[in-house]
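In: Structure here, sequence nowhere to be found:
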């Protein structure tokens with residue numbers, strides 16, 4: 001099951017799951033609206049906590065990602081075109097990544113789909129689920 005871990009003071013977010021779970025997330029993001037329940041991690045070290053769900057919806061402008069709901073949810077909001085670009089990046093990563101690879105979704109000036117106020121996200125494949133596709 002997908003997991004999202006959040007750093008305490010840093011606010012850093014890490015999303016991890018199997019290749020098939022990451023591919024399914026990409027498909028769901030393309031729908032423009034939804035909620036995905038996450039696996040709860042009892043010991044999130046070195047992170048501060050494990051989030052309970054991902055909530056995403058269409059909104060104007062580029063994507064803003066943040067943790068909300070009292071730190072229980074990763075929220076992703078942006079126009080459908082931007083959600084589809086994020087989905088494409090996650091899907092490509094899921095198909096091509098090696099065990100130690102990470103996808104860093106960080107804002108930089110001129111970013112195609114991230115708003116400058118968006119939080120950062122690291123995407124990883126669960127080490128327990130590494131298999132050739």
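Out: That came through, no problem. Computed from a predicted structure; not experimentally measured.

In: what residue is smack in the middle of this structure?
Out: residue 15 (4.9 Å; CA atoms, centre = their mean).

In: Which strand residues bridge it?
Out: Residue 15 has these beta-bridge partners by DSSP bridges: residue 4, residue 123.

In: I figured it hits residue 124, correct?
Out: Yes. Counting by CB atoms under 8 Å, residue 15 touches residue 124, with 7.3 Å between them. C-beta: built from backbone N, CA, C; applies to glycine.

In: which residues in the protein form strands?
Out: Remark: strands assigned in the chain by DSSP state E are 3-6, 13-17, 33-37, 49-50, 53-58, 64-68, 73-78, 102-105, 121-125.

In: helices and strands around the second one, which ones?
Out: Contact partners of strand 13-17 among helices and strands, from 3 or more CB pairs under 8 Å, 6 or more residues apart in numbering; DSSP states H and E: strand 3-6, strand 121-125.

In: a markdown table for those, including mean neighbour count?
Out: Formatted as a markdown table, these follow (neighbours: other CB atoms under 10 Å):
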| stretch | mean neighbour count |
| --- | --- |
| strand 3-6 | 21 |
| strand 121-125 | 20 |
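
In: In CSV, list these along with mean pLDDT.
Out: Supplementary listing: the helices and strands packed on strand 13-17 in CSV, determined by pLDDT from 0 to 100:
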stretch, mean pLDDT
strand 3-6, 94
strand 121-125, 95
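
In: nearest to residue 92, of those strands?
Out: Nearest to residue 92, of all the helices and strands packed on strand 13-17, is strand 121-125, at 10.6 Å by CB to CB.

In: Surely residue 33 touches residue 55?
Out: No. Judged on CB under 8 Å, residue 33 makes no contact with residue 55 at a distance of 9.0 Å.

In: if we can go back for a sec, can you redo the strands of the chain as a markdown table with distance to residue 94?
Out: Below are the strands of the chain laid out as a markdown table (distance: least, CB to CB, whole Å):
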| stretch | distance to residue 94 |
| --- | --- |
| strand 3-6 | 15 |
| strand 13-17 | 8 |
| strand 33-37 | 15 |
| strand 49-50 | 21 |
| strand 53-58 | 15 |
| strand 64-68 | 18 |
| strand 73-78 | 17 |
| strand 102-105 | 9 |
| strand 121-125 | 7 |
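
In: Fine, thanks again, bye for now.
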